[in-house]
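Trainee: next one to model:
(4 chains)
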Protein chains: 4
Amino acid sequence: MEIEIATIGGYEEVGRQMTAVRAGDDIVVFDMGLNLSKVLIHDDIQTERMHSLDLIDMDAIPDDRVMSDIDGTVRAIVPTHGHLDHIGAISKLAHRYDAPIVATPFTLELVREEIDDEGKFQVDNDLVEMDAGETMSIGDETDLEFVNVTHSTIDAINPVLHTPEGAVVYGLDKRMDHTPVIGDPIDMDRFREIGREGVLCYIEDCTNANKKGRTPSEAVARSELRDLMQSLENYEGGIVATTFASHIARVVSLVEFAEEIGRQPVLLGRSMEKYSGTAERIGAVEFPDDLGMYGHRQSVDRTFERIMNEGKENFLPVVTGHQGEPRAMLTRMGRGETPYELENGDKVIFSAGIIPEPTNEGQRYQSETLLGMQGARIYDDVHVSGHLSREGHYEMLDALQPEHLIPAHQDMAGFSGYVDLATSQGYELDEDLHVTSNGNTIQLV
Amino acid sequence: MEIEIATIGGYEEVGRQMTAVRAGDDIVVFDMGLNLSKVLIHDDIQTERMHSLDLIDMDAIPDDRVMSDIDGTVRAIVPTHGHLDHIGAISKLAHRYDAPIVATPFTLELVREEIDDEGKFQVDNDLVEMDAGETMSIGDETDLEFVNVTHSTIDAINPVLHTPEGAVVYGLDKRMDHTPVIGDPIDMDRFREIGREGVLCYIEDCTNANKKGRTPSEAVARSELRDLMQSLENYEGGIVATTFASHIARVVSLVEFAEEIGRQPVLLGRSMEKYSGTAERIGAVEFPDDLGMYGHRQSVDRTFERIMNEGKENFLPVVTGHQGEPRAMLTRMGRGETPYELENGDKVIFSAGIIPEPTNEGQRYQSETLLGMQGARIYDDVHVSGHLSREGHYEMLDALQPEHLIPAHQDMAGFSGYVDLATSQGYELDEDLHVTSNGNTIQLV
Amino acid sequence: MEIEIATIGGYEEVGRQMTAVRAGDDIVVFDMGLNLSKVLIHDDIQTERMHSLDLIDMDAIPDDRVMSDIDGTVRAIVPTHGHLDHIGAISKLAHRYDAPIVATPFTLELVREEIDDEGKFQVDNDLVEMDAGETMSIGDETDLEFVNVTHSTIDAINPVLHTPEGAVVYGLDKRMDHTPVIGDPIDMDRFREIGREGVLCYIEDCTNANKKGRTPSEAVARSELRDLMQSLENYEGGIVATTFASHIARVVSLVEFAEEIGRQPVLLGRSMEKYSGTAERIGAVEFPDDLGMYGHRQSVDRTFERIMNEGKENFLPVVTGHQGEPRAMLTRMGRGETPYELENGDKVIFSAGIIPEPTNEGQRYQSETLLGMQGARIYDDVHVSGHLSREGHYEMLDALQPEHLIPAHQDMAGFSGYVDLATSQGYELDEDLHVTSNGNTIQLV
Amino acid sequence: MEIEIATIGGYEEVGRQMTAVRAGDDIVVFDMGLNLSKVLIHDDIQTERMHSLDLIDMDAIPDDRVMSDIDGTVRAIVPTHGHLDHIGAISKLAHRYDAPIVATPFTLELVREEIDDEGKFQVDNDLVEMDAGETMSIGDETDLEFVNVTHSTIDAINPVLHTPEGAVVYGLDKRMDHTPVIGDPIDMDRFREIGREGVLCYIEDCTNANKKGRTPSEAVARSELRDLMQSLENYEGGIVATTFASHIARVVSLVEFAEEIGRQPVLLGRSMEKYSGTAERIGAVEFPDDLGMYGHRQSVDRTFERIMNEGKENFLPVVTGHQGEPRAMLTRMGRGETPYELENGDKVIFSAGIIPEPTNEGQRYQSETLLGMQGARIYDDVHVSGHLSREGHYEMLDALQPEHLIPAHQDMAGFSGYVDLATSQGYELDEDLHVTSNGNTIQLV
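Mentor: Numbering: from 1, shown residues only, chains lettered A, B, ... in the order given. As a prediction, the model looks like this:
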């Protein structure tokens, strides 16, 4: 059976991920993502009303026109988790394929919301739920399995396409977490088993491939966050926290530790409401009954007013703005544009790293400067990454022993650490180690 | 009563700390340290046989000749903890003063060993043990108190000189740790109480004053170390760890986690034996009965031979060499100079940061390169610092509310973050914020 | 005679410089500057209509209320050169003092323009022109001399107040340039002479005090720029350059090399027109007769249209936007908002460094990204700084041999390299080396 | 005709360059280099007596065993210039091939010296001189041409193999210099001509491919050096300079400017004597008749004694040690191990950058610290690189328009900027852009 990989998007950048795997006549598409920074660099762009071709021209979504060169039928579109760089182009591209979208519950719900917000295209693909550990048939001889992995959002999986020629493992995005706070640990037993069965190809998330060592567990971030928040237990003023809205485990920890130190947590900002609300609605997480979540500006401001009236010392607002985004809640607080009044000594916790790009660094600096001008004390980088570092990659290679390797989810500089690792383990460029770019196809069998 | 501070050493560098406080006719000296890098930059120097004046000329130990300008009698020499930059000059300078050396048990024992090793001077000062929480009388109206603090070694205290004009708090070295793995948490209650009683002057450890946020607890380093070591539980080859030999809490965690993953820990290298042996001998820590500690090269090599015979997979050697020091055990292992044979995939854990100096970075790079050439996988920086960062400094100011501030334990660039913090809190240069250098005196009252 | 220095602004930042020197009853004020980044961090602020007290509250202009503590009469306000951080607050503060503004011709003309643009205050101070090398009497025993220096704009001087107690040399801003392209070399002979006569106090520009080595001459930047532009001689598409508009020598080099490679230079953007126009009007520089300078958007766009019609290969537009400022001309070109169409291979020369602040780095990155998206090739950092580095400071100390030193034009971290240098030369903190902050007074005699 | 490229060494590192090109039955080998850092990481290794296989095992010299897989006869061994990473393995590997070594005069002379120093192998290959601009026949249909290029040593060329299928251009090492101080400018006219004739493959020097902009001409480094040295004209103490010994143009500038400021230059240190002596002997450069060059320690020390006797202010020693090598002359001067006595204020000029590796940074830091402890003032990085930056690569692509591209002279991280550039110009990985590693063969025709 012929096995072919099309590297459609996310092979020259982090963002707009899309990969197609053809096994005989059957094709499965993994991820359809959006590169948000290619949108934001332009002023005043509303993607909801834009045509896919314009977004392709902007390098914002994958250029899937290469799909016409591949001889087969798309049987499934499989987003691995709910981050925008993996699902953000579904509402622009999926309608071109007569195939269901198959995903875990949380991811699928986020896809549904994307489709609902879409203003240009009608997306009618079936939405099929499949849990980690489950398998579905794709063609006569090909099966799709979801292996549970751990990442900076919940319900993440690595899809595995089992073919007669061996398994194709799509390894985006994960870290190796044995104590992930929410959900099950990464299923290394299953990966090792698949490795013993035979892996034809492994496509790897190289985000942190240039980082030494091993990404710690979410339990370590939780331990650092608890240590910090308990050290603030006696502080009698305002404490504000921010993190990735989709990072449900972190939000849960913030909520829990807020209560431990006698403060009422409240989630504020549009995406805070969206992701946490969705997670709760599908039962992925159980928040305290009285946990407030507010997204609309008016209800946010009303909540801030209530906090000011009842005493800042009784609350922990968890807000958007971890990257210093100019319009996010925390930046507005720094500008004094909300009813929440920061005072000398008030604490702001960034439970997030800066996504490494000068634009983010500039915006975050500006946000911290504004907060500091109001007297806020800044605790930053209370965080661990959601991506494997070098030794995690080493362990995955050891577990899977793949015949072929395809680094993904980075540009060439980002791939370099992975190529160094792979060649030190005996892989050879142009033989079984395929460093490629967007829009190529690799014939494996 | 006149109160005067002499900033003798460690006000232009990290290293060779020494500060004298005169209250009326009574003087207490805090720390007498060695700047090791000023020794190591010269080839082949043996400090044991050197005269203090030569070491002063090399900027290796404090230039205490300024003491002759201070009118009073030295009543006590008080090292705050057992690191060389705080006790390493005692054997060269203490004999000039007719005063006892007062310290906590672990620190005092390390001082005793320094004195025993000294080959040039006869040091006969009384060695007086005092525990954290205790107080001794220094003069008619002046008392010396030890407040318990937390640092990267055990038994650290901050000495406080209580004078009729208020307390002088000598704040070197500490982080704010409420869950320090070994020993008691930092005694913030007592600091706040002293703050309410009135603090005339606070001398602060500025090592990390330019770092944002808050230094996490040792419990966080422990959580990260445990996460790492448990992730290696199934590895069937060699695992080696290194850390600061004097960091007893970290050594204890390494020993404990070794056993958790079914490996016998063994401590190797001269300073590993020295510090852990001392800690155990004075009862500060209880290691497993069968824990081996070997310092002499022959016994180390015999142990390595035994490990190779019985199987590397059954052991965790904890060795010296965390900074890549050319003659330390781990570097020798990298050079293949020991019987321990590293193989592809073997793990080396650096539970230590790099002390930021290009020399260290070069040596560490070389050590990691040598280890990597033998196939070792490197896990670095599994560590948290032992020093307060900016928000810890903020909390100390808030607790103590001192009248005067003296930044210490850095050079001018290192002080800058602390000066920014202090001025933002209302202190003024040349008024109550004394940025000074080695060899000055500051008249407070 | 009593000599006192008031460090009013620019002692905790780069920006809003202001220093007063009192000699007996006579006071001279050096510089009244604006910290632009304190304005820009707020959205939509128009400083022209703002009251000085509001600008003081924003830390945007010097807080000159400390002047009321100084017993004497202001005899002159002396801006050293025409940069905004030295003259930008004159229109807000000078009217409070009954004293002339004394400056070199180019600086004075820029002050005049600032005053003309001011919308809130009526500034009626006399404007008195004085050239480098000249002296005026300030009081019975005190004289003000202008010593020629070299900086990144023209007509810069260091004012020297000659008092019976020795000279007070105000050393902001300069580099040591013996071949400055425009104007005379730095007058080191006169500095050495003043040094021999006796210097009571030297106030130093510490902008680059942490940089090793020596800042090269403008002739070196010119050599690098010529090398670059001649290497582009055969390019048949568009070439665009940007630099600091006030950096007249650099603009002159750009104009000259444009002509050398057969292109017509044209200066575009409001501040390009302003500074070059002023320099030409007062005769400080002679541009080619037909050199176009356009500031208003309409005339700029008309010029771009003409360039597109006549062929980009015949022109060198020199435009604003070297820091990636969002509204500057080059950024607009990157966004495709001007009639100038960039094509694959077109060249953009940044003859400027990035002023080191994350905001600038983010904006510059964004500007370069936008230009790159249109195919432009970027040549950055074709530049040398206008400020002394460490060895220049060393040479100034050697020439002046001042009794007292006051580091300025930086924050504490920025001072640190200068303090290290000064202490290595025998100065002592709190004795003759005065590290201070905004709003202090230092009694020298 | 079959054209095949074997990427033997220098495709995973900077160092041990070796590439073979087969055109039909004829093979030409370009470069046979040594990776010195792979030697130095081991203690006490003498390469002169080592066998090639041991050096291959250490990754110190190219593993040329892949040559046995290539069907053809080696017709020439062609080192491009005299740096060790290009000629340092000739004495270990060339004797295996029955082929002449063809090089420009300076390079050939350095090869001859390497062969003379070799203690293990007898190297009897013919040494054939060929100048830039000349061509020799390699086989019936294949010619070898030397195109003049500019680099940080003299007499560098890019060899071009003209085959019936087009030219193979071996582009190591160069910068694009139109005013190179010594020798002719880079022959871009010829490159453009070859481009028009048709280039099958271009192998590019990627050393600086991640650096933006364009590497300036040696004339710019010369301009900066002259500016610096003239600024020191009045200094009446010692001035010492160091640079790459093989960088003849820089040495010439140092010699010339020494005389301009009234000092007698003298070249000291083994490699200073070697490279400058060789250059003078073959007539590549004309030094002043009385220029002293001394390599043996005794004659160096005698020279230092003479300098001390006659007055340091009359000399400019140009010495080895620009990377802070522990045994080089400048480091010995820092340790006070030579008769030359540094005093407060003496100047040390590093006319060299630090080769970016932590080991070098550590050693250089140590050397500068030692020099500083003796009072020396340091001027560092008075230098421009000898390698193309990104825009130079762009220009070469534009000139040659090659069908195939092979990045070389870096590791994968170092290639990344070049891959980004090449893909932006329409090249595709695995199609016509061959990112490869050591030991591979690429079949082009």
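Trainee: looking at chain A, which residue reaches furthest from the middle?
Mentor: The C-alpha centroid of chain A is most remote from A:Asn309, which lies 36.7 Å away (C-alpha atoms, centre = their mean).
Trainee: how near is it to D:Lys92?
Mentor: For A:Asn309, the distance to D:Lys92 (C-beta to C-beta, to the nearest Å) stands at 82 Å. Quick note: C-beta positions are derived from backbone N, CA and C, even for glycine.
Trainee: before we move on, what about A:Val14?
Mentor: From A:Val14 over to D:Lys92 the distance is 44 Å, taken as C-beta to C-beta.
Trainee: do the same with A:Glu368
Mentor: From A:Glu368 over to D:Lys92 the distance is 57 Å, taken as C-beta to C-beta.
Trainee: more crowded one of these two?
Mentor: Shown here are A:Glu368 and D:Lys92; by other C-beta atoms under 10 Å in any protein chain shown, D:Lys92 has more neighbours (28 against 21).
Trainee: for that one, which non-adjacent residue is spatially closest?
Mentor: With sequence-adjacent residues excluded and distances taken as C-beta to C-beta, 6 or more residues apart in numbering or on different chains, D:Lys92 is closest to D:Ser52, at 4.2 Å.
Trainee: start and end of stretch A:399-416, how far apart?
Mentor: One end of stretch A:399-416 sits 21 Å from the other (C-alpha to C-alpha, to the nearest Å).
Trainee: give the contact list for the closest residue to chain C within chain A.
Mentor: Distances between chain A and chain C by C-beta to the nearest C-beta are smallest at A:Gly362, namely 2.1 Å. Contacts of A:Gly362 were listed using C-beta atoms under 8 Å, 6 or more residues apart in numbering or on different chains, and they are A:324, C:358-363, C:365.
Trainee: pLDDT score for the closest residue to chain B within the stretch 301-445 of chain A?
Mentor: With C-beta to the nearest C-beta, the shortest gap between the stretch 301-445 of chain A and chain B falls at A:Tyr379, namely 4.7 Å. For A:Tyr379, the pLDDT comes out at 98.
Trainee: for A:Ala167, same thing?
Mentor: Note on A:Ala167: pLDDT of 98.
Trainee: and whichever strand or helix holds it, which strands flank it?
Mentor: Per DSSP states H and E, A:Ala167 falls inside strand A:166-171. Sheet pairing of strand A:166-171 (DSSP bridges) gives strand A:157-163 (antiparallel), strand A:199-205 (parallel).
Trainee: need the residues of chain A near chain B, please.
Mentor: For chain A, the residues in contact with chain B (C-beta under 8 Å from any C-beta of the partner chain) are A:176, A:178-179, A:212-214, A:216-217, A:219-220, A:223-224, A:227-228, A:230-231, A:345, A:377-382, A:391, A:394-395, A:398.
Trainee: next step: these restricted to helices.
Mentor: A:219-220, A:223-224, A:227-228, A:230-231, A:391, A:394-395, A:398 (DSSP state H).
Trainee: if any of the residues you listed are buried, put those into a PyMOL selection.
Mentor: Selection of buried members from those for PyMOL, criterion 16 or more other C-beta atoms under 10 Å in any protein chain shown:
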select buried, chain A and resi 219+220+223+224+227+228+231+391+394+395
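Trainee: farthest pair within the ones in helices among the residues of chain A next to chain B?
Mentor: Spatially, the most separated pair among those is A:Ser231 and A:Asp398, at 39.0 Å (C-beta to C-beta).
Trainee: before we move on, the earlier item: the strand holding A:Ala167: how far from the chain's middle?
Mentor: Taking C-alpha atoms, centre = their mean, to the nearest Å, one finds strand A:166-171 lying 20 Å from the centre of the chain it belongs to.
Trainee: over to stretch A:229-237?
Mentor: 31 Å.
Trainee: again with stretch A:116-126
Mentor: 22 Å.
Trainee: what about that stretch, average pLDDT?
Mentor: In this model, stretch A:116-126 has a mean pLDDT of 94.
Trainee: give me the local confidence score for the closest residue to A:His296 other than its chain neighbours.
Mentor: In space, and not counting its chain neighbours, A:His296 is closest to A:Arg270: 7.6 Å by C-beta to C-beta, 6+ apart. With respect to pLDDT, A:Arg270 has a value of 96.
Trainee: give me the neighbour count for A:Arg270.
Mentor: Residues near A:Arg270, counting by other C-beta under 10 Å, number 17.
Trainee: surely it is in contact with A:Thr320?
Mentor: Yes. Judged on C-beta atoms under 8 Å, A:Arg270 makes contact with A:Thr320 at a distance of 7.0 Å.
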